[in-house]
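**Student:** Sequence and predicted structure, then a few things I'm wondering about:
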Amino acid sequence: MAKILLGVCGSIAAFKAVDLASKLTQEGHLVRAILTQNAQKFISPLSLDYVCRQKAVLAQFSGADFRLEDDHIALADWADILVVAPATADILGKCACGIADDVLSTVALALDMRIPRLFAPAMNHRMYAHPLVQKNIRTLRELGYHILPTSSGHLACGHQGEGRLLEVPDILQSIERLLEEAENSIES
Ligand SMILES: Cc1cc2nc3c(=O)[nH]c(=O)nc-3n(C[C@H](O)[C@H](O)[C@H](O)COP(=O)(O)O)c2cc1C
């Protein structure tokens, strides 16, 4: 059983995060979802609240609703792994530059560097091929972040090409592999 922070960004593929969270909880993991403000335009936090059996984190400054356990440092201290699926060009760029202007990007920066970070990108094929996006992916990989490939095919925008979010079973497999590696490195 692992404690998984699941970041969800503003992409058409955001709905797949609900299935991912559901499968992770069915496997016995504890999942806390963090939705960017733009992710909340694509899916309702209620779906994630329900499958995670935990309130999703929606904002860094939530006023009267603020809960200490939603603080970025508390979230970073809690997590065994950060998974961002779908990861937008925006979050990849922010993380590659050390920008921390919302709860998800701040948590990504506040995590101990030994905690695995897994990003599953999803975007239009031209965005994905853009040299800046590719440079950000390389930068993150050099830092030890795990950036999954995308798949090729029909994109929600109507184009064909590279940039589709990997299928949920493939993302799950990568999460389990990383958790196993992290456990083995603690034991050795
Ligand atoms: C209909 C629609 C679909 C979008 N899909 C994606 C996407 O799949 N990937 C991406 O990087 N950006 C996508 N965007 C743009 C992002 O939502 C935008 O860059 C936003 O600033 C991302 O914010 P976030 O990373 O904080 O969630 C989409 C925008 C719209 C309006």
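**Tutor:** Yep, that arrived. On a predicted model such as this, the values are computed, not experimentally measured, just so you know.

**Student:** how about the lengthiest helix in the chain: buried residues?
**Tutor:** What stands out as the longest helix in the chain, according to DSSP state H, is helix 168-187. Neighbour-count burial for helix 168-187, counted by 16 or more other CB atoms under 10 Å, picks out 168, 171-172, 174-175, 178-179, 182. To be clear about C-beta, it is placed using only N, CA and C from the backbone, and glycine gets the same treatment.

**Student:** got the residues of the chain near the ligand?
**Tutor:** Proximity of the chain to the ligand, by CB under 6 Å from any ligand atom, involves residues 9-13, 36, 38-39, 88-91, 122-123, 127.

**Student:** same thing but at 8 Å, please
**Tutor:** Contacts of the chain with the ligand, taken as CB under 8 Å from any ligand atom, map to 8-13, 36-39, 41-42, 86-92, 94, 102, 104-105, 121-124, 127, 156-157, 163, 165.

**Student:** and these, which are buried?
**Tutor:** By neighbour count, with 16+ other CB under 10 Å, the residues of the chain next to the ligand hold 8-11, 13, 36, 38-39, 42, 86-92, 94, 102, 104-105, 121-124, 127, 163, 165 as buried.

**Student:** Looking at those residues, which are in strands?
**Tutor:** Among these, DSSP state E puts 8, 86-87, 121, 163 in strands.
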